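**Q** I would like to see how this sequence folds:
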Amino acid sequence: MENNRAQWGSKIGFILAAAGSAVGLGNIWKFPGKAFEGGGGAYILIYLAIVVLIGFPVMLSELTIGRAAQANAIDSFHKLGYRGFKWVGVTGVAVAFIVTSYYCHVGGWGLRYVVSYITEAQTVYADPLGYFYGLLGYNAATGETWFPLTALLFAAVFMAVNAFIIIKGVEGGIEKFNKVGMPALFIILIVLLARTITLDGAQVGFAYMLSCDWSKVGFNTFLSALGQAFFSLSLGMAIMITYGPSMRTSARTRRSSARWIRSWRSSPASSSCPRCLRRSAPRTSARAAASPSRPSRACSSTWRAARFSACCSICCSCSPR
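**A** Numbers count the residues shown, from 1 in each chain. As a prediction, this is how the structure comes out:
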């Protein structure tokens, strides 16, 4: 079965898209406050340890699952495991939906402030907190509330831009935008860092962030760092599983898979997969399982990996039941 899924145009495009899903407002906005509450440098060390020991392995696992299954986040767990595992993919999609439901508003706030700093910067600087409350439809001085039409309009604009990029496809939309957006984000981060150094108390803040206050470290600190790591790397949101099928398969992988398929088909037991042989002829499958050249559980692992070659006609009828 030939894979007709859209693919990334280049490796750098995939790397930038993956980085774009990981680097965002969570690290810019929430991380400094969490680090302050968790003991400064102590929190950073715990966070980095969790990222290396847990975050990266989970991220690579999600990417591998999507690439091996060549399917969406829900069907990937079904194809590589059993039907009962579909709930794992459903949970990931539900988490992504929940995150999007509030992230679009945060993105709308960002767009609104871009316009505000261009058109009415003095008003924003005069009362920053009051301006933000006004954006949400609340007057802190009088307690008056109103419908936050402006915030909803900018959230709708933010969602419309994202929808347009997604509709354009993997290479023509997501990849093309990230090739411009990610370098722009890094430039903005450098500008923010330069501005931060010039603020009053910057030296004190840097000294605290680089020193370890272990007295503030507790169970909630580890839990907070774990949640921040998962949010930063976009884990458990079906993002990397969705990106996986769009990765290009090298010619070497296709040739290796094709050779493995041809050698297995030339064997006496090539009429069906080892999983089916195990049901129809237990003795034959037992001998096949003992043979190092024909693994007994290829149905959910080796055979699925062989689908990358796009030359196996058996895999399609080999799904676990």
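**Q** mind listing what L111 touches?
**A** Contacts for L111 (Cβ atoms under 8 Å, 6 or more residues apart in numbering) come out as F154, V157, F158. Every C-beta, even on glycine, is put in place using the N, C-alpha and C of the backbone.
**Q** tell me which of these is nearest to S101?
**A** Set against S101, the nearest of the contacts of L111 by Cβ to Cβ is F158 (12.4 Å).
**Q** State the mean pLDDT of the host helix or strand of H78.
**A** H78 belongs to helix 73-80 when assigned by DSSP states H and E. On average, the pLDDT along helix 73-80 is 80.
**Q** And the strands in this structure?
**A** For the chain, no strands are identified by DSSP state E.
**Q** any idea which helix is longest in it?
**A** In the chain, taking DSSP state H as the definition, the longest helix is helix 86-119.
**Q** in that one, what counts as buried?
**A** Buried positions in helix 86-119, judged by neighbour count with 16 or more other Cβ atoms under 10 Å: 86, 88-89, 91-93, 95-96, 99, 103-105, 107-109, 112-113, 116.
**Q** try stretch 118-134
**A** Y131, F132, G134.
**Q** so where is the chain shaky, pLDDT-wise?
**A** Residue ranges of the chain with pLDDT under 70: 1-6, 24-26, 81-82, 248-321.
**Q** contacting residues for the residue lying closest to G108 once chain neighbours are set aside?
**A** Among residues not flanking G108 along the chain, A155 sits closest, at 3.3 Å (Cβ to Cβ, 6 or more residues apart in numbering). Neighbour list for A155: C104, H105, G107, G108 [criterion: Cβ under 8 Å, 6+ apart].
**Q** which two from the residues you listed end up farthest apart in space?
**A** H105 and G107, at 7.2 Å, using Cβ to Cβ across those.
**Q** So the closest residue to Y117 other than its chain neighbours versus W146, what's the distance?
**A** Leaving aside its sequence neighbours, Y117 sits nearest to V124 (Cβ to Cβ, 6+ apart; 6.4 Å). Using Cβ to Cβ, to the nearest Å, V124 is found at 19 Å from W146.
**Q** From N72, how far out is the spatially closest residue to L135 that is not a sequence neighbour?
**A** Nearest residue to L135 in three dimensions, chain neighbours excluded: A151, at 5.3 Å (Cβ to Cβ, 6+ apart). Counting by Cβ to Cβ, the separation of A151 from N72 is 32 Å.
**Q** who's more crowded, those two?
**A** A151 (18 against 15; other Cβ atoms under 10 Å).
**Q** Surely the more buried one and G108 touch.
**A** Yes - counting by Cβ atoms under 8 Å, A151 touches G108, with 6.0 Å between them.
**Q** coming back round to it: which one among the contacts of A155 gets closest to I190?
**A** G107 (21.4 Å).
**Q** Quick one: residues contacting that closest one.
**A** A155, F158, N162.
**Q** again, but for L152
**A** Contacts of L152 (Cβ under 8 Å, 6+ apart): G108.
**Q** hmm, back to that, could you measure from the residue nearest to Y117 over to D200?
**A** 20 Å.
**Q** Also G108?
**A** Computed as Cβ to Cβ, the G108 to D200 distance reads 31 Å.
**Q** Over to L193?
**A** Taking Cβ to Cβ, one finds L193 at 16 Å from D200.
**Q** Excluding covalently adjacent residues, which one is nearest to G13?
**A** In space, and not counting its chain neighbours, G13 is closest to E175: 3.6 Å by Cβ to Cβ, 6+ apart.
**Q** wait, the one you found sits on I15?
**A** No - judged on Cβ under 8 Å, E175 makes no contact with I15 at a distance of 10.2 Å.
**Q** Neighbour count for the two, which is higher?
**A** Remark: of E175 and I15, E175 carries more neighbours, 23 against 13, as counted by other Cβ under 10 Å.
**Q** so what's the more buried one up against?
**A** W8, G9, S10, G13, F14, L16, A17.
**Q** Give me the buried subset of those residues.
**A** Using 16+ other Cβ under 10 Å, the buried members of the contacts of E175 are W8, G9, G13, F14, L16, A17.
**Q** Filter those residues down to the ones in helices?
**A** G13, F14, L16, A17.
**Q** wait, doesn't the first one sit right on N178?
**A** So the one you mean is G13. Yes - G13 is in contact with N178 according to Cβ under 8 Å; the separation is 6.8 Å.
**Q** now V95: how far from T242?
**A** For V95 relative to T242 (Cβ to Cβ), the value is 13 Å.
**Q** ok, now Q122?
**A** 44 Å.
**Q** swap in L153?
**A** 29 Å.
**Q** And L185, by the same measure?
**A** L185 is 21 Å from T242, by Cβ to Cβ.
**Q** Same question for G9.
**A** Taking Cβ to Cβ, one finds G9 at 17 Å from T242.
**Q** what does G130 give?
**A** Applying Cβ to Cβ to G130 and T242 gives a distance of 41 Å.
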